[in-house]
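*Asks:* 3D, please:
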Amino acid sequence: MERVLGLRQKIAGKSIPVEKFVARKARKYLAQSDKLLLPALELAYVFHAIAHAPRKIIAREMIPAVGLLLSSRSEGLASSGSGGSEGRAKASGVKKGKDKKLESRSGHWDDVCLARFLEGVCWRFVAYPDPDDELEPDEKIPFSPEYARACSGRVFRAVFEHGPNIELNHYIVYDAHFEYGRLLARSGDKDGARTQFDLVMSGKPLEVNAAGRKNALHMRTNAD
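*Replies:* Coordinates of the predicted model:
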C-alpha cells in the first residue's frame, strides 16, 4: 500500500481519476492501521456492479452488512436496560462519552457517511432497478418499493447533514446528491431531481469541495 502512493501517473498534467481514487484509498488504509470500511461494496459502486446485482442479494446481503457494521460501532452500551432510572442515566452518560470518543477519531465521519451513502444506493436499486436490468421473474423482495424509497432518501439526507465533517472521502457528498437526484427522478419528483442535478453541475462546493470527482460525475449527470 505504501508503494501505491508513489505509482500515480499524469496525462497532460492531469491525474488519472481511478488512480487518484486508489491512491486515496491506500492512504486511508495506512492511516487506519491497515483497515478500510466496506471496500468491496465501495468498489462495487464505483464500477457500477451494485446496479447489476440481483435485488434479492442487495436486500438480503448488502444492506444488512452495512446495518451490522453501523450498529457494531455503537454496541456494548446499556446492558439490557437493567438497574432502574439511575442505571439508565449512567448508561446514557457512558453512551455519550463513547459517541464523543468515536466522533473525535480521525476518519470517523468519513466512515459513517460512506456507509450511509452505500446504504442509500442499495435501497435506491431495491426501490427502482435500472431500466436495463434483467429482473428475475420469480424475484421476491422483502421490502416494498415505497419503503425502500423512504429508506434511501433518509440516509442520503444523513450524508448531507454530516458531510461537512468528512476529512478525505469528499466525493461521497457529490455522488450522494447525484444518487438522490436519480431517486427523486424515478419517484416522479422531476423538480426535486433537477435541483439535485443542478447542484452537481454547478461546479460550486456543496457541503464539501471535491474537485477530483467533479468531471466524472458531470458526465454521469449529463447522461441521466
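
*Asks:* helix or strand for R157, which one?
*Replies:* helix 145-162 (DSSP states H and E).

*Asks:* Put the alpha carbons of the helix or strand where A115 lies into PDB.
*Replies:* Taking DSSP H and E as the definition, A115 sits inside helix 108-127. C-alpha atoms of helix 108-127 as PDB (Å, rounded to 0.1, in the frame of the first residue of the first chain):
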ATOM      1  CA  HIS A 108     -15.000   8.600  11.800                       C
ATOM      2  CA  TRP A 109     -17.400  10.700   9.800                       C
ATOM      3  CA  ASP A 110     -15.800   9.600   6.500                       C
ATOM      4  CA  ASP A 111     -16.700   6.000   7.500                       C
ATOM      5  CA  VAL A 112     -20.200   6.900   8.700                       C
ATOM      6  CA  CYS A 113     -21.000   8.900   5.600                       C
ATOM      7  CA  LEU A 114     -19.500   6.200   3.300                       C
ATOM      8  CA  ALA A 115     -21.600   3.500   5.000                       C
ATOM      9  CA  ARG A 116     -24.800   5.600   4.800                       C
ATOM     10  CA  PHE A 117     -24.200   6.600   1.200                       C
ATOM     11  CA  LEU A 118     -23.700   2.900   0.100                       C
ATOM     12  CA  GLU A 119     -26.800   2.000   2.100                       C
ATOM     13  CA  GLY A 120     -28.700   4.700   0.300                       C
ATOM     14  CA  VAL A 121     -27.500   3.500  -3.100                       C
ATOM     15  CA  CYS A 122     -28.500  -0.100  -2.200                       C
ATOM     16  CA  TRP A 123     -32.000   1.000  -1.100                       C
ATOM     17  CA  ARG A 124     -32.400   3.000  -4.300                       C
ATOM     18  CA  PHE A 125     -31.700   0.000  -6.500                       C
ATOM     19  CA  VAL A 126     -34.200  -2.100  -4.400                       C
ATOM     20  CA  ALA A 127     -36.900   0.600  -5.000                       C
END
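
*Asks:* now that helix and helix 145-162, what's the angle there?
*Replies:* Here helix 108-127 runs at an angle of 160 degrees relative to helix 145-162 (axes from the mean of the first three to the mean of the last three Cα atoms, to 10 degrees).

*Asks:* what residues are up against D110?
*Replies:* Residues near D110 by Cβ atoms under 8 Å, 6 or more residues apart in numbering: K28, I166, E167, L168, N169, I172. The way it works is simple: take the backbone N, C-alpha and C, and place the C-beta from them, glycine included.
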